[in-house]
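Novice: model this:
(2 chains)
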Amino acid sequence: MAKTLFDKVWDSHVVRSVKDGPDVFFIDRHFIHEVTSPVAFLGLESRGNSVVYPERTFATADHNTPTINQHLPVADALSANQLDALERNSAKHGISHWGLGDKNNGIVHVVGPENGITLPGATIVCGDSHTSTHGAFGAIAFGIGTSEVEMVLSTQCIMQPKPKKMRINVNGKLGLGVTPKDVALYIISKQTTSGATGYFVEYAGDVFEDMTMEGRMTVCNLSIEMGARGGMIAPDAKTFEYIKGRSQTPKGADWDKAMKYWETLSTDEGAEFDVEFNYEASDIEPMITYGTNPGMGIGVTKSIPNAENVEGGVETYKKSLGYMSFNEGDSMIGKEIDFVFLGSCTNGRIEDFRAFCSIVEGRKKADNVTAWLVPGSHKVVDQINAEGLDKIITDAGFVLREPGCSACLAMNDDKIPSGKLSVSTSNRNFEGRQGPGSRTLLASPLVAAASAVQGVVTDPRTLLK
Amino acid sequence: MAYDKFNVLTSTAYPLPIENVDTDQIIPARFLKATKRVDFDKNFFRDWRYNQDGTPKADFPLNKEIYAGSKILVGGRNFGSGSSREHAAWSVYDFGLRCVISSAFADIFKGNCLNVGVLPVQVSPDFADTLFAAILADPKTEIKVDLPNQTVTLVATGESESFEINSYKKDNMLNGFDDIDYLKNIENEISAFAETRPF
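Specialist: Take a look at the predicted model:
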């Protein structure tokens, strides 16, 4: 029978199916970080269990870490305590740990692929909803809760009902200034923030085939923002090229054997999806959000829709615009901004810094803008320096910070002050997400860069050659 | 962590007729720094319950005396979207709630609720509207959630609807079991499976 990519990977990881219940689902790779793992370790120990396969779990500190002066002790006592707990728990149970300052440290969804831990056909979980990022490699990857973190530590399995299947096809060629982030924000604006709830998504078509691995990661990362459990893209030559030779990828005969399997990982002709959507690349322009969920996105040149033209409740919509201090019909272009945030597991990779630099090179940061540029990992920092992007950034009046999740969720000191407006390349514009009272406009690194140098929301196409 | 068994629950309910309530509202990220499960009830809906100076917002339903002590929350469509933080489900439970009713839940939040002893009850949009209208008309409106029979009923009028839950999770909730009990019990089967994995 013809199978989808998702079926092939899912079915090969089912230990058993519980009658009228979930599947017992085997996990190949498990990432942990300081915020969602401590209580799982407490649970594990209180039950007298041990970590069954410590070599399948990988710890990195990211959510709660400072992005300046990482060589100094962490000032916030609660943050320091969580970071210590991660280090202690990892050491005690024999789990690899990349703490603050480690050359492999960075945001979990950046360092996993960088180090070849993320592989096609693998099942990957982490106590973080943006684990969907790893689907870019043809893995099944999704976020889990802390109870499930404990399950994986103590049994290497979780109990999951199999999601339904959705395929999203985007064909054609993307226009000037249109990036993977815009493709994702466009899809989410069509699906709404709950349109894919209950589904696992496969992305297919020219646009994803043409995309780099970094771009595919950005798209899969944002799958959760339309409610999907995860998203995936069939591995191809680009995928294999990206992972080959990384520190943890199979080598020699193991590589050859793995390749034989990986080459089978695509959706068979005639395989069926529960639902399928088709979009055209030429309909997508640089996007920006105007509300308090990622589904509230429009082309950057468009005006904020009227309540009656929007799906869902009018009251919820008005509450959202009220929080943002925006009005129906407002144009986004020209809105004065206070902050720009470049970074996160969505857009904190080398390609995002290249895109940002392509606009700020030879220009200057606007005086009214505070900008936080936060690379996703130390490897990204090294690459920025190797390519000379650091000089472009400095010459344009920006400062590069140290890796971490930073202002994406503002657990550390990188908080956007109340009432301030930020153009952010991260993934969520929820109320207070970037700090209590903060207001977020989600956009691509190009829109962020253009807005950073102009001081107002700007269409990057006006600055691109 | 162990939770109390769930069987039949009859209670008044807090109404929260806002759509797309995300887990950053249920428990903001800055309150996720604990290494133990303590105090999550205090920061449940922190920024909707309190002003930035720490004074309570009198209008917010969770602060209204008239609903105090309710064990059910009726929320708008797409409740619990966003982050996978189980802290959101803990804060629901630790606040004293055992059931959230909505016309749609985000997947991860729903799964987390089931794992910590909070019953997510998905009803039709019409029935959700009926519940909201009844509570707003009379804050003392009681709702009966019957897990064995999988029904949710407006006590005063008898209006009722059935809800879905798979029999495995239902059995867990009725008995206070969790998935780790099940998984540890089939350890040998899992280790045999692990042997077959190529990487």
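Novice: do stretch B:107-123 and chain A meet?
Specialist: Yes - judged by C-beta under 8 Å from any C-beta of the partner chain, stretch B:107-123 and chain A are in contact via B:107-108, B:111-112, B:115-116. C-beta here means a position set from N, CA and C on the backbone, and glycine is covered the same way.
Novice: which parts of the stretch 301-450 of chain A sit against chain B?
Specialist: Within the stretch 301-450 of chain A, the positions adjacent to chain B are A:312-313, A:315-316, A:319, A:409-411, A:418, A:428, A:430-433, A:436-437 by C-beta under 8 Å from any C-beta.
Novice: ok and the residue in chain B nearest chain A?
Specialist: Nearest residue of chain B to chain A: residue B:168, at 2.7 Å (C-beta to the nearest C-beta).
Novice: quick one on the thing from earlier: tell me which of the residues of stretch B:107-123 next to chain A is nearest to residue A:96?
Specialist: residue B:108 (25.6 Å; C-beta to C-beta).
Novice: Now do the closest one, the pLDDT please.
Specialist: Looking at residue B:108, its pLDDT is 97.
Novice: Now it. Nearest residue, chain neighbours left out?
Specialist: Leaving out its chain neighbours, the residue that sits closest to residue B:108 by C-beta to C-beta, 6 or more residues apart in numbering or on different chains is residue B:84, at 4.7 Å.
Novice: residue contacts, the one you found?
Specialist: For residue B:84, the residues meeting the contact criterion (C-beta atoms under 8 Å, 6 or more residues apart in numbering or on different chains) are A:36, A:127-129, A:131, A:143-145, B:23, B:108, B:112.
Novice: sorry, back to before: now, the residues of stretch B:107-123 next to chain A that are in helices?
Specialist: Using DSSP state H, the subset of the residues of stretch B:107-123 next to chain A located in helices is B:107-108, B:111-112, B:115-116.
Novice: hey, which helix is longest across the chain?
Specialist: Went with chain A since none was named. Longest helix of chain A, by residue count under DSSP H: helix A:77-93.
Novice: I was after chain B.
Specialist: As assigned by DSSP H, the longest helix anywhere in chain B is helix B:125-137.
Novice: if we can go back for a sec, what's the longest helix of chain A in contact with?
Specialist: Contacts to helix A:77-93, defined as C-beta under 8 Å, 6+ apart, come from residues A:32-35, A:37-38, A:41, A:50-51, A:54, A:59, A:61, A:64-66, A:73-74, A:95-97, A:99-100, A:153, A:411-412, B:33-35.
Novice: ok, residue B:71 - how many residues close by?
Specialist: Residues lying near residue B:71 (other C-beta atoms under 10 Å in any protein chain shown) number 17.
Novice: Isn't it up against residue B:98?
Specialist: Yes - between residue B:71 and residue B:98 there is a contact under C-beta atoms under 8 Å: 5.0 Å.
Novice: got any residues that touch both of these two?
Specialist: Shared contacts of residue B:71 and residue B:98, defined by C-beta under 8 Å, 6+ apart, are found at residue B:9.
Novice: got the contact list for residue A:107?
Specialist: By C-beta under 8 Å, 6+ apart, the residues touching residue A:107 are A:60, A:62, A:344-345, A:348, A:376-377, A:403-405.
Novice: one more time with 10 Å
Specialist: For residue A:107, the contact set (C-beta atoms under 10 Å, 6 or more residues apart in numbering or on different chains) comprises A:33, A:60-63, A:65, A:128, A:130, A:133, A:343-346, A:348-349, A:374-377, A:380, A:403-406, A:408.
Novice: Can you report how many residues neighbour residue B:155?
Specialist: Counted by other C-beta under 10 Å, the residues lying close to residue B:155 total 15.
Novice: per-residue pLDDT, the residue nearest to it when sequence neighbours are not counted?
Specialist: Nearest non-adjacent residue to residue B:155, counting by C-beta to C-beta, 6+ apart: residue B:142, 4.1 Å away. pLDDT for residue B:142: 98.
Novice: For the longest helix of chain A, give the mean pLDDT please.
Specialist: Per-residue scores along helix A:77-93 average to 97.
Novice: With the flanking residues excluded, which residue is spatially nearest to residue B:100?
Specialist: Excluding the flanking residues, the one nearest residue B:100 by C-beta to C-beta, 6+ apart is residue B:73, at 5.0 Å.
Novice: Nearest to chain B: which residue in the stretch 201-350 of chain A?
Specialist: The nearest approach of the stretch 201-350 of chain A to chain B comes at residue A:316, 4.2 Å away (C-beta to the nearest C-beta).
Novice: Let me know the secondary structure of that residue.
Specialist: Secondary structure, DSSP: H, G, I helix; E, B strand; the rest coil: residue A:316 is helix.
Novice: Please report the distance of it from residue A:307.
Specialist: Going from residue A:316 to residue A:307 by C-beta to C-beta, to the nearest Å gives 10 Å.
Novice: out of these two, which sits in the busier spot?
Specialist: A side-by-side neighbour count of residue A:316 and residue A:307, using other C-beta under 10 Å, places residue A:316 first with 21 against 16.
Novice: Now do the same contact list for the more buried one.
Specialist: Under the criterion of C-beta under 10 Å, 6+ apart, the contact list for residue A:316 reads A:291-293, A:307, A:310, B:17-21, B:76-78.
Novice: Farthest-apart pair in those, please.
Specialist: The widest separation within the contacts of residue A:316 (C-beta to C-beta) is 18.8 Å, between A:307 and B:21.
Novice: nearest spatial neighbour of residue 189, skipping sequence neighbours?
Specialist: As the question left the chain open, I've gone with chain A. Nearest residue to residue A:189, sequence neighbours excluded (C-beta to C-beta, 6+ apart): residue A:297, at 4.1 Å.
Novice: if you could check chain B rather than the one you did, that'd help
Specialist: Among residues not flanking residue B:189 along the chain, residue A:15 sits closest, at 6.2 Å (C-beta to C-beta, 6+ apart).
Novice: how deep is that neighbour tucked in, by neighbour count?
Specialist: So residue A:15, with other C-beta under 10 Å, has 19 neighbours.
Novice: Sheet-wise, list the partners of whichever strand or helix holds it with their directions.
Specialist: Taking DSSP states H and E as the criterion, residue A:15 maps to strand A:14-17. Note on strand A:14-17: by DSSP bridges, its sheet partners are strand A:23-26 (antiparallel).
Novice: Following element in sequence after the partner strand, please.
Specialist: Following strand A:23-26 in sequence order, the next helix or strand is strand A:29-32 (DSSP H and E).
Novice: That following strand vs chain B: in contact?
Specialist: Yes - for strand A:29-32, a contact with chain B is found by C-beta under 10 Å from any C-beta of the partner chain, at residue A:29.
Novice: for that strand, packing partners?
Specialist: helix A:38-46, strand A:57-60, helix A:77-93, helix A:108-114, strand A:123-126, helix A:146-155 (3 or more C-beta pairs under 10 Å, 6 or more residues apart in numbering or on different chains; DSSP states H and E).
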